[in-house]
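Visitor: Just to be clear, the model below is a prediction. Sequence and coordinates:
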Amino acid sequence: MTTTATTETPNYDGAFDAIVVGAGLAGSAAALTMAREGLDVIMLERGPAPGTKNVFGGVLYTPTVRALTEFDSAPLERFVAGKRFSVLSDEGDETAISMRPDAWREDPHNDSFTVLRGDFDKWFADQAVSAGATLITETTVTGLVRDGGRIVGVETDRPDGTLRAPVVVLAEGANSLVTEGASLKPRPEREDVAVSAKEVRKFDTSVIEDRFRLADDAGAAYTYFGDGAVPGAVGGGFIYTNKRTVSIGVVYRIADVAAGITPEQALNRFKSHPAVAPLVRGGTLVEYSAHAIPEGGADAMPDLVHDGAVVIGDAAGLVLNSGVHLEGTNMAVESGHLAGLAIARAADDHRSDREALARYPEWLEESFVVENLRRYGWFQDAVAADRDFLFGDLPTALAGAEAEFFRVDRGSKQAHTAAARRQLLDAAGGWMGAAKRAWRFRRMLS
């Protein structure tokens with residue numbers, strides 16, 4: 001059995017215990033786990049190398065990766081030493097909160113790192129290959145093979161490219177055409193999908209460190225909300241620092257495209273905001289990308305196990321967006337790892353049916369993945385219902401209130417404080433409106 005990546009026509013029909021569709025974070029975690037459990041595993045990747053087709057904001061959360069690998073060899077850019085949350089008004093104002101905990105400067109750096117997916121995904125897939133998995137690149141899975149109601153393999157775009165195995169692991173990401181085409185998950189509702197546009201710009205290291213107040217391997221993660229970030233939509237913007245590049249992007253619900261917002265327009269508008277422009281001006285554009293992000297939460301998760309197949313990572317909708325917590329990479333890796341363990345336990349009993357694979361959703365339900373999704377499952381609906389206030393009225397009111405509170409003239413501080421309070425209360429609909437909104441979002445702090 002080969003243990004290196006190859007682009008040769010597959011000739012392994014029936015030779016493996018499991019087929020993994022996609023060599024991203026979830027797929028490589030599943031392949032690595034199964035290989036270490038003694039299974040013969042083949043990963044099929046449509047790109048020329050793992051990571052070349054994968055897009056994300058820029059921060060990788062690594063607790064499970066650290067547990068599965070010799071993490072010191074991982075190709076990391078910077079650890080996240082500081083975060084900044086900003087509310088931007090459409091008029092050009094910014095109200096921000098920054099944090100740089102000293103604890104984040106110490107290993108393991110809160111397990112938060114910026115990475116380049118082309119480098120990191122290749123390294124992670126290599127860990128699976130080193131454990132015994134086989135990686136086939138430039139191979140697109142076009143459908144699933146069934147025997148009666150059971151999934152027994154995949155069809156690929158290679159000549160004689162049918163591959164059969166007891167279990168198929170579907171790790172094809174948010175754009176899961178094979179999974180949907182096989183009716184293993186429904187097409188997501190527009191309200192449950194976000195679109196992201198991102199560009200990566202190259203700068204001298206000294207420029208990045210000066211603009212973001214960084215030193216050595218420290219990095220920064222900036223998140224922006226409000227109509228000044230993305231107009232007329234539920235969403236926001238972000239900036240992440242790498243060693244010699246900066247990732248700049250926007251994310252918003254695909255349903256809001258009807259409001260006339262294209263990804264390119266939203267990104268260009270975000271970059272021109274007075275609070276953002278000084279941080280991203282200049283440099284050389286080295287990458288532009290756009291992709292879909294599942295945001296339906298726990299209620300939108302498809303059935304995760306079938307006779308002969310499991311669904312993991314973004315294909316399973318395992319992404320968290322609570323406004324403050326923006327996570328998905330750690331959930332993808334955890335789901336792949338748990339699915340791999342469940343498949344290995346089922347293989348011990350020479351089974352691959354739905355009941356034998358049920359440990360995977362059971363373990364996932366007990367993990368931080370589903371716990372976090374259920375905890376914040378209400379958030380997207382609540383934000384969408386209060387969009388005009390949260391993204392339009394509130395940023396303007398905050399900017400006006402802070403300008404009033406810190407105003408220096410011949411008036412009294414008491415008068416300025418009262419005026420600032422009135423601006424906030426008027427935007428919230430008075431004391432009653434403020435109380436209702438505080439009650440609606442109380443679970444953020446519970």
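Guide: Received it, and whenever you're ready, just let me know what you need.

Visitor: Please name the nearest non-neighbouring residue to G308.
Guide: Once flanking residues are discounted, G308 sits nearest to I151: 3.6 Å by CB to CB, 6 or more residues apart in numbering. Quick note: C-beta positions are derived from backbone N, CA and C, even for glycine.

Visitor: and the longest helix for this structure?
Guide: helix 329-348 (DSSP state H).

Visitor: before we move on, back to that, wait, the residue nearest to G308 touches L170, no?
Guide: No. Applying CB atoms under 8 Å, one finds I151 not in contact with L170, separated by 9.4 Å.

Visitor: Spit out the contact partners of the residue nearest to G308.
Guide: Contact analysis of I151 by CB atoms under 8 Å, 6 or more residues apart in numbering lists L144, V145, V168, A182, H306, D307, G308, A309.

Visitor: Tell me what it is bridged to.
Guide: Beta bridges link I151 to R146, judged by DSSP bridges.

Visitor: For the chain, give me the ranges with low pLDDT.
Guide: 1-11, 257-259, 322-324, 378, 380, 443-446 (pLDDT under 70).

Visitor: residue boundaries of the helices in the stretch 251-400 of the chain?
Guide: Listed in chain order, the helices of the stretch 251-400 of the chain (DSSP state H, counting those that start in this stretch) span residues 263-271, 277-280, 329-348, 359-366, 368-375, 379-385, 387, 394-405.

Visitor: Can you give me the domain assignment for the chain?
Guide: Domain assignment for the chain by automatic domain parsing gives 18-75+117-188+298-366, 190-294, 384-445.

Visitor: Any chance of JSON lines for the ones you listed, columns distance to R84?
Guide: As requested, the domains of the chain are arranged in JSON lines below (distance: least, CB to CB, whole Å):
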{"stretch": "domain 18-75+117-188+298-366", "distance to R84": "12"}
{"stretch": "domain 190-294", "distance to R84": "4"}
{"stretch": "domain 384-445", "distance to R84": "15"}
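
Visitor: Relative to R164, how far out is the residue nearest to G308?
Guide: With distances taken as CB to CB, to the nearest Å, I151 is found 10 Å from R164.

Visitor: what's the overlap in contacts for those two?
Guide: What both I151 and R164 touch, as defined by CB under 8 Å, 6+ apart, is the set V145.

Visitor: State the distance from A182 to H306.
Guide: For A182, the distance to H306 - CB to CB - is 9 Å.

Visitor: count of neighbours near Q423?
Guide: Applying other CB atoms under 10 Å, we find 19 residues neighbouring Q423.

Visitor: I'd say it and A399 touch.
Guide: No. The criterion here is CB under 8 Å, and Q423 misses it with A399 at 9.3 Å.

Visitor: for D192, what are its contacts?
Guide: D192 sits next to P294, E295, G296, G297, A300, G317 when contact means CB under 8 Å, 6+ apart.

Visitor: before we move on, back to that, and of the contacts of I151, the nearest to V129?
Guide: If you rank those by distance to V129 using CB to CB, V168 comes first, at 19.2 Å.

Visitor: quick one: the residue lying closest to L390 once chain neighbours are set aside from V369, how far?
Guide: In this structure, L390 finds its nearest non-sequential neighbour in V383, 6.1 Å apart by CB to CB, 6+ apart. To V369, V383 is 21 Å away according to CB to CB.

Visitor: who's more crowded, those two?
Guide: Legend: neighbour count by other CB under 10 Å for V383 and V369, higher for V369 (24 against 21).

Visitor: The closest residue to that one other than its chain neighbours: neighbouring residues, count only.
Guide: In space, and not counting its chain neighbours, V369 is closest to M331: 4.7 Å by CB to CB, 6+ apart. Using other CB under 10 Å, M331 is surrounded by 28 other residues.

Visitor: And for T95?
Guide: By the measure other CB under 10 Å, the count of residues near T95 is 19.

Visitor: With E180 instead?
Guide: E180 has 16 neighbours, counted by other CB under 10 Å.

Visitor: Which helix or strand contains it?
Guide: Per DSSP states H and E: E180 is located in helix 177-181.

Visitor: Quickly note the distance from the residue nearest to L390 to A266.
Guide: From V383 to A266 the distance is 17 Å (CB to CB).

Visitor: With E91 as the reference, measure out to the residue nearest in space to the middle of the chain.
Guide: Geometric centre of the chain, nearest residue: G328, 3.8 Å, by CA atoms, centre = their mean. G328 is 32 Å from E91, where distance means CB to CB.

Visitor: just R201 next, same as before
Guide: For R201, the distance to E91 (CB to CB) stands at 26 Å.

Visitor: Who has more neighbours out of these two?
Guide: R201 (20 against 12).

Visitor: so L267 touches Y252, yeah?
Guide: No. At 10.4 Å, L267 and Y252 do not qualify as touching, with contact defined as CB under 8 Å.

Visitor: Looking at the two, which is more packed in?
Guide: Y252 (26 against 21).

Visitor: and V305, how many neighbours?
Guide: Neighbour count for V305, taken as other CB under 10 Å: 24.

Visitor: cool, P108 as well?
Guide: 13.

Visitor: Phi first, then psi, for it.
Guide: phi -90, psi 20 (degrees, to the nearest 10).

Visitor: what's the next secondary structure element after the helix or strand hosting Y222?
Guide: According to DSSP H and E, Y222 maps onto strand 218-225. Using DSSP H and E, the next helix or strand after strand 218-225 towards the C-terminus is strand 235-241.

Visitor: Restrict that following strand to CA atoms and write it as CSV.
Guide: The C-alpha coordinates for strand 235-241 follow below in CSV (Å, rounded to 0.1, in the frame of the first residue of the first chain):
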residue,chain,number,x,y,z
GLY,A,235,-22.7,40.0,9.0
GLY,A,236,-19.4,41.7,9.5
GLY,A,237,-15.8,42.0,8.6
PHE,A,238,-12.4,40.7,9.8
ILE,A,239,-8.7,41.3,9.6
TYR,A,240,-6.1,38.6,10.6
THR,A,241,-2.3,39.0,10.5
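
Visitor: and L76, backbone torsions?
Guide: phi -100, psi 150.

Visitor: you'd agree it is up against F113?
Guide: Yes. Using CB under 8 Å, L76 makes contact with F113 at a distance of 4.6 Å.

Visitor: Counting neighbours, go ahead and name the busier of these two.
Guide: Per other CB under 10 Å, whichever of L76 and F113 has more neighbours is F113, with 25 against 22.

Visitor: Next up, the contacts around the more buried one.
Guide: V59, L60, T62, L76, E77, R78, F79, V80, G219.

Visitor: Who does the helix or strand harbouring it pair with, and is each partner parallel or antiparallel?
Guide: Element membership of F113, judged by DSSP H and E, is strand 112-114. In the sheet, strand 112-114 lines up against strand 59-61 (antiparallel), strand 78-88 (antiparallel) (DSSP bridges).
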